[in-house]
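>>> the amino acid sequence is not available; the structure is as follows:
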Ligand code: AGP
């Protein structure tokens with residue numbers, strides 16, 4: 001999704017802005033631009049396409065003069081990707097420049113009103129109305145003007161604003177999309193995400209919703225919408241630069257696949273004490289936990305797929321009904337949730353607009369919310385009733401891998417923790433679950449050691465046009481993730497089906513050479529899935545089976561197999577997902593796809 005950067009200090013701003021934008025490339029974008037103030041005028045440079053175009057046009061930023069500036073990478077929502085629609089956007093007289101993440105939902109209405117007052121527009125974007133509104137309403141005080149236009153803007157936004165006559169400051173404001181301010185020595189920074197400024201400073205302020213910051217070279221003042229000064233406490237970013245670098249790997253995705261043992265280990269290790277799962281982050285009493293009649297899970301994409309796995313696990317262990325909702329649908333379906341419903345919100349970024357809205361809806365209906373989030377201090381983490389952080393470290397590749405695995409680890413811990421309180425787990429099972437949980441990182445490593453074999457399999461399969469992932473029960477939940485991983489980075493059409501459902505229609509698509517990836521890690525349903533393998537093979541499909549080491553029937557049934565170590569039933573997804581990630585990665589690589597930033601996608605989707 002779009003990225004914002006800003007700089008004010010003693011150095012030339014252009015090169016700093018371009019370098020910071022490079023650090024945000026992973027978020028996905030289709031044009032980029034910068035604006036600086038040379039003390040007399042605002043200078044805007046922007047280009048369609050990748051950052052290298054902007055770098056070429058500005059000689060790596062050196063051509064734009066001034067020691068204050070803002071920059072942007074745009075992921076098109078309103079108006080095609082083009083130089084005109086790229087940010088920053090200027091007001092008519094060139095006095096205001098704006099970069100914007102988010103969406104202004106009522107921009108047509110605002111554009112109409114401003115046009116009626118003689119203001120002409122140059123782009124098709126919603127953002128340009130903000131620059132025009134600022135100029136139109138400017139009353140001699142920047143903060144007052146920003147406060148005045150905020151209620152006029154419906155939707156979500158994070159803004160970086162510059163005013164021609166005020167070369168000593170950048171104004172930042174947010175409602176919805178995240179913004180951070182990097183604190184330096186005689187220089188300060190603005191960014192929508194930490195990696196943009198990590199090589200410059202580790203001390204940051206996170207701007208909360210409806211806060212306005214005036215960022216100068218030697219001061220940062222934050223106001224609320226009544227213009228009261230807000231005292232902010234600085235946060236120190238602990239992760240190393242390596243975490244945000246490729247560290248010798250060709251792609252972030254491969255690096256992050258390989259980091260999964262660590263991500264799972266870090267997520268569980270501090271939460272298992274003396275053989276017990278201890279979730280200090282949860283403030284619910286045992287009585288409250290017992291009082292829940294149902295569990296509601298809301299999330300998007302891969303996080304939703306973790307939710308589907310969770311449904312099988314929670315229902316199996318807790319014997320309570322679990323609903324998993326695609327977050328974008330939840331709010332608008334008049335959902336049946338109340339104070340007897342526990343809502344679990346899953347999100348890597350903690351900023352996904354659909355998930356956030358779904359959480360608010362659940363809270364409005366009286367439901368207690370527990371968020372499972374990776375990004376510390378993100379909106380969902382802060383606004384949920386409780387938060388359990390996954391400790392996967394920063395995830396850069398658009399396709400999630402290590403965050404998915406860390407989320408699964410939290411789900412297992414929640415199942416064990418709740419199961420114990422509800423009296424649904426006997427002590428022997430409890431011990432077994434905990435010991436399997438602790439063994440997961442090493443077992444994941446065993447699968448990572450097979451990466452070369454899986455690469456070899458990928459080399460034979462990358463030219464397929466259609467792929468079906470099938471599985472039953474928890475393997476079906478897993479096949480959803482396998483299918484998404486493959487299609488999002490390799491652009492191969494792929495679908496996930498419950499293995500028994502295929503024959504009710506979709507099997508008509510199977511023909512000679514269709515690739516079917518059959519997941520059958522769950523022992524109890526292994527034979528049934530093997531029958532489904534035979535059904536598709538007899539219609540010409542080539543079947544790659546993924547199952548456990550002891551599954552001889554699968555080895556005999558499938559055309560080729562990838563076998564994973566055994567673990568307890570509920571934790572099989574943590575192992576089975578790994579070969580699917582590696583397979584998707586190498587298939588995309590053999591196809592020459594842009595793996596870390598796939599077309600049309602963004603790392604964190606902050607618009608509804
Ligand atoms: C997964 O590979 C995707 N990039 C996407 O589906 C992602 O999981 C989804 O957008 C949710 O993001 P979140 O976890 O940051 O809320």
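Now that the structure is in, tell me what you want to look at. These figures come from a predicted structure and were not determined experimentally.

>>> okay, CA-based contacts and neighbour counts for the rest of this
Will do.

>>> and the nearest residue to residue 308 once chain neighbours are set aside, what element?
Spatial nearest neighbour of residue 308, excluding adjacent residues (C-alpha to C-alpha, 6 or more residues apart in numbering): residue 477 at 5.6 Å. Per DSSP states H and E, residue 477 falls inside helix 474-490.

>>> one step back: which residues touch the residue nearest to residue 308?
Residue 477 is in contact with 305-306, 308-309, 471, counting by C-alpha atoms under 8 Å, 6 or more residues apart in numbering.

>>> equivalent analysis for residue 8, please.
67-69, 168-170, 187-189, 215-217.

>>> cool, residue 507 as well?
By C-alpha under 8 Å, 6+ apart, the residues touching residue 507 are residue 536.

>>> doesn't it lie inside a helix?
Yes: assignment of residue 507 by DSSP: H, G, I helix; E, B strand; the rest coil places it within a helix.

>>> for residue 535, see how far away it is.
9 Å (C-alpha to C-alpha, to the nearest Å).

>>> find the nearest non-adjacent residue to whatever residue of the stretch 1-150 of the chain ends up closest to the ligand, please.
For the stretch 1-150 of the chain and the ligand, the shortest gap (C-alpha to the nearest ligand atom) falls at residue 27, measuring 10.0 Å. In this structure, residue 27 finds its nearest non-sequential neighbour in residue 603, 4.8 Å apart by C-alpha to C-alpha, 6+ apart.

>>> how many residues are close by the one you found?
The number of residues packed near residue 603 is 23, by other C-alpha atoms under 10 Å.

>>> cool, residue 115 as well?
So residue 115, with other C-alpha under 10 Å, has 13 neighbours.

>>> could I get the contacting residues of it?
Neighbouring residues of residue 115 by C-alpha under 8 Å, 6+ apart: residue 121.

>>> likewise for residue 167?
By C-alpha under 8 Å, 6+ apart, the neighbours of residue 167 are 37-39, 68.

>>> rewinding a little: give me the pLDDT value at the residue of the stretch 1-150 of the chain closest to the ligand.
pLDDT for residue 27: 71.

>>> same question, the one 3 residues further on
pLDDT recorded at residue 30 is 85.

>>> isn't it right up against residue 79?
No: between residue 30 and residue 79 there is no contact under C-alpha atoms under 8 Å: 11.7 Å.

>>> residues contacting the nearest residue to residue 482 once chain neighbours are set aside?
Using C-alpha to C-alpha, 6+ apart and skipping residues adjacent in sequence, the residue nearest residue 482 is residue 580, 5.5 Å away. Neighbour list for residue 580: 482, 485-486 [criterion: C-alpha under 8 Å, 6+ apart].

>>> which SSE is residue 580 in?
Counting by DSSP H and E, residue 580 is part of helix 572-590.

>>> and stretch 388-408, anywhere near the ligand?
Yes: for stretch 388-408, a contact with the ligand is found by C-alpha under 6 Å from any ligand atom, at 398-400.

>>> let me know the closest of these to residue 586.
Nearest to residue 586 among those, counting by C-alpha to C-alpha, is residue 399 at 13.4 Å.

>>> confirm the closest one sits in a strand?
No: counting by three-state DSSP, residue 399 is not part of a strand but coil.

>>> can you give me the angle the longest helix along the chain makes with helix 572-590?
Criterion DSSP state H: the longest helix present in the chain is helix 427-448. If you take axes from the mean of the first three to the mean of the last three C-alpha atoms, to 10 degrees, helix 427-448 sits at 10 degrees to helix 572-590.

>>> against which helices or strands is helix 427-448 packed?
Contacts defined by 3 or more C-alpha pairs under 8 Å, 6 or more residues apart in numbering; DSSP states H and E place helix 427-448 against helix 260-269, helix 402-421, helix 572-590.

>>> I'd like these as JSON lines, with distance to residue 341 and mean pLDDT appended.
Shown next, in JSON lines, are the helices and strands packed on helix 427-448 (distance: least, C-alpha to C-alpha, whole Å; pLDDT from 0 to 100):
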{"stretch": "helix 260-269", "distance to residue 341": "26", "mean pLDDT": "97"}
{"stretch": "helix 402-421", "distance to residue 341": "14", "mean pLDDT": "98"}
{"stretch": "helix 572-590", "distance to residue 341": "26", "mean pLDDT": "98"}
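
>>> got these as a markdown table, with distance to residue 56 columns?
Shown next, in a markdown table, are the helices and strands packed on helix 427-448 (distance: least, C-alpha to C-alpha, whole Å):
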| stretch | distance to residue 56 |
| --- | --- |
| helix 260-269 | 37 |
| helix 402-421 | 35 |
| helix 572-590 | 27 |
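
>>> list the residues that contact residue 465.
492-493, 514.

>>> tell me what residue 174 is bridged to.
residue 158, residue 211 (DSSP bridges).

>>> before we move on, what about residue 370?
residue 344, residue 386.

>>> OK, contacts around it?
Applying C-alpha under 8 Å, 6+ apart, one finds that residue 370 lies in contact with 282, 342-345, 384-388.

>>> quick revisit: and the contacts of residue 477, which two are furthest apart?
Longest distance between any two of those is 15.4 Å, between 306 and 471; criterion C-alpha to C-alpha.

>>> how about the residues of the stretch 301-450 of the chain by the ligand?
So far as C-alpha under 6 Å from any ligand atom goes, the stretch 301-450 of the chain lies against the ligand at 301-303, 347-350, 352, 398-400.

>>> filter these down to just the ones in strands.
Among these, the members falling in strands (DSSP state E) are residue 347.

>>> tabulate the residues of the stretch 301-450 of the chain next to the ligand (a markdown table), appending pLDDT.
Listed next are those as a markdown table, based on pLDDT from 0 to 100:
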| residue | pLDDT |
| --- | --- |
| 301 | 97 |
| 302 | 98 |
| 303 | 98 |
| 347 | 98 |
| 348 | 96 |
| 349 | 93 |
| 350 | 93 |
| 352 | 93 |
| 398 | 93 |
| 399 | 96 |
| 400 | 97 |
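
>>> which one (most neighbours) among the residues of the stretch 301-450 of the chain next to the ligand?
residue 347 leads these on contacts (other C-alpha under 10 Å) with 32 neighbours.

>>> skipping its backbone neighbours, what lies nearest residue 276 in space?
Per C-alpha to C-alpha, 6+ apart, closest to residue 276 is residue 434, 7.4 Å.

>>> just to revisit the earlier point, please convert the contacts of residue 477 to TSV, extending it with secondary structure, neighbour count and distance to residue 5.
Formatted as TSV, the contacts of residue 477 follow (DSSP: H, G, I helix; E, B strand; the rest coil; neighbours: other C-alpha atoms under 10 Å; distance: C-alpha to C-alpha, whole Å):
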residue	secondary structure	neighbour count	distance to residue 5
305	helix	25	32
306	helix	28	32
308	helix	25	36
309	helix	25	37
471	strand	31	44
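
>>> how about the backbone phi and psi for the residue in the stretch 151-300 of the chain that the ligand sits nearest to?
Nearest residue of the stretch 151-300 of the chain to the ligand, counting by C-alpha to the nearest ligand atom: residue 300, 4.6 Å away. Phi and psi for residue 300, reported as degrees, to the nearest 10, are phi -130, psi 150.

>>> what's around it, how many residues?
Going by other C-alpha under 10 Å, the residues that sit close to residue 300 add up to 23.
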